[in-house]
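# any chance you can model this:
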Amino acid sequence: MERAPKAYRNSKFLNSSDGRTMRILAEYLEPKKRFDEANIKHTVVFFGSARVKPDNPDDPLNMSRYFKAAEEFAFQLASWSKELEKKGDGFYICTGGGPGIMEAANRGAHRANAQSIGLNISLPFEQIPNDFITPHLNFEFHYFFMRKLWFLYHAKALVVFPGGFGTMDELFETLTLVQTKKIQKYNIPILLYDPVFWKELFNFEKLVQCGLIAANDLKLLHFFSTPEEGMEILKPSLEETIKNFRH
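A predicted model of the protein is given here:
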């Protein structure tokens with residue numbers, strides 16, 4: 001009689017509902033090993049639509065301006081990070097690894113000759129790794145919640161460009177974690193690009209008027225209109241946070 005397969009080599013078991021715990025642990029432990037090996041401690045995470053294209057002449061709303069702004073902002077951040085590395089630690093640009101705003105940010109880092117991270121997730125459409133992720137920092141996730149953990153685990157700042165349901169999910173989950181102090185190690189600046197877009201989309205002040213959030217909660221959000229303005233917001237807090245970082 002042939003030997004039975006060992007449990008950890010039994011693909012039928014590993015891909016079953018009974019093997020789910022093993023798969024979840026793998027999506028924690030395997031990325032952790034790779035991040036540790038690359039000595040990654042600090043990231044600036046970009047969120048935004050996968051559907052924004054770099055050039056779209058048929059777009060009456062000129063949504064491609066967001067792609068260009070995200071690429072330029074990531075370029076300026078990655079270039080500055082290389083200066084920080086000369087004094088100690090820099091940081092990595094981190095995205096969801098797909099097209100649109102994610103590609104723009106990875107492309108900006110690539111243009112600065114800096115490595116960048118892509119945390120992809122397997123979806124039926126849209127989510128194909130872009131060509132500007134550093135190859136050994138290209139990750140693939142099955143579980144959204146494990147991907148979100150790694151978005152925030154090393155994050156020292158978040159930059160949110162206009163996007164759809166996924167972007168809104170990522171923004172508001174982060175706001176909730178910061179507001180409720182579930183993220184306690186540092187104050188993560190949350191930057192939203194294009195104040196006109198965001199303030200037309202959400203009446204944040206209405207939440208204060210109705211007593212649903214505190215007025216102080218609005219200070220968690222920093223709106224900016226240009227990459228240069230974003231740099232002015234991020235530079236002081238990011239440099240201080242990295243300098244004072246303790247494991």
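# quick one: the helices in this structure?
For the chain, the helices defined by DSSP state H occupy 11-14, 20-37, 64-85, 101-111, 144-153, 165-179, 195-201, 204-209, 227-243.
# can you add distance to residue 215, mean neighbour count and mean pLDDT and give those back as CSV?
For the C-beta atoms, the positions are set from N, CA and C on the backbone; glycine is no exception. Shown next, in CSV, are the helices of the chain (distance: least, Cβ to Cβ, whole Å; neighbours: other Cβ atoms under 10 Å; pLDDT from 0 to 100):
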stretch, distance to residue 215, mean neighbour count, mean pLDDT
helix 11-14, 50, 12, 89
helix 20-37, 37, 14, 96
helix 64-85, 28, 20, 96
helix 101-111, 30, 27, 98
helix 144-153, 25, 17, 96
helix 165-179, 13, 16, 95
helix 195-201, 16, 12, 96
helix 204-209, 5, 13, 96
helix 227-243, 20, 16, 91
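# adding distance to residue 124, write those out as CSV.
Compiled in CSV, those are given as follows (distance: least, Cβ to Cβ, whole Å):
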stretch, distance to residue 124
helix 11-14, 22
helix 20-37, 19
helix 64-85, 23
helix 101-111, 17
helix 144-153, 14
helix 165-179, 14
helix 195-201, 26
helix 204-209, 33
helix 227-243, 33
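# among those helices, which comes closest to residue 94?
helix 144-153 (7.0 Å; Cβ to Cβ).
# quick one, the closest one and helix 20-37 angle?
In terms of direction (axes from the mean of the first three to the mean of the last three Cα atoms, to 10 degrees), helix 144-153 departs from helix 20-37 by 20 degrees.
# got the angle for helix 144-153 vs helix 165-179?
Relative orientation of helix 144-153 versus helix 165-179 (the same axes, to 10 degrees): 60 degrees.
# now helix 144-153 - C-alpha only, PDB.
The C-alpha trace of helix 144-153 is given here as PDB (Å, rounded to 0.1, in the frame of the first residue of the first chain):
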ATOM      1  CA  PHE A 144      -8.700  40.900   2.100                       C
ATOM      2  CA  PHE A 145      -8.200  41.100   5.800                       C
ATOM      3  CA  MET A 146      -4.700  39.700   5.700                       C
ATOM      4  CA  ARG A 147      -3.800  42.100   2.900                       C
ATOM      5  CA  LYS A 148      -5.200  45.000   5.000                       C
ATOM      6  CA  LEU A 149      -3.100  43.900   7.900                       C
ATOM      7  CA  TRP A 150       0.100  44.200   5.800                       C
ATOM      8  CA  PHE A 151      -1.100  47.600   4.400                       C
ATOM      9  CA  LEU A 152      -1.000  49.000   7.900                       C
ATOM     10  CA  TYR A 153       1.600  47.000   9.700                       C
END
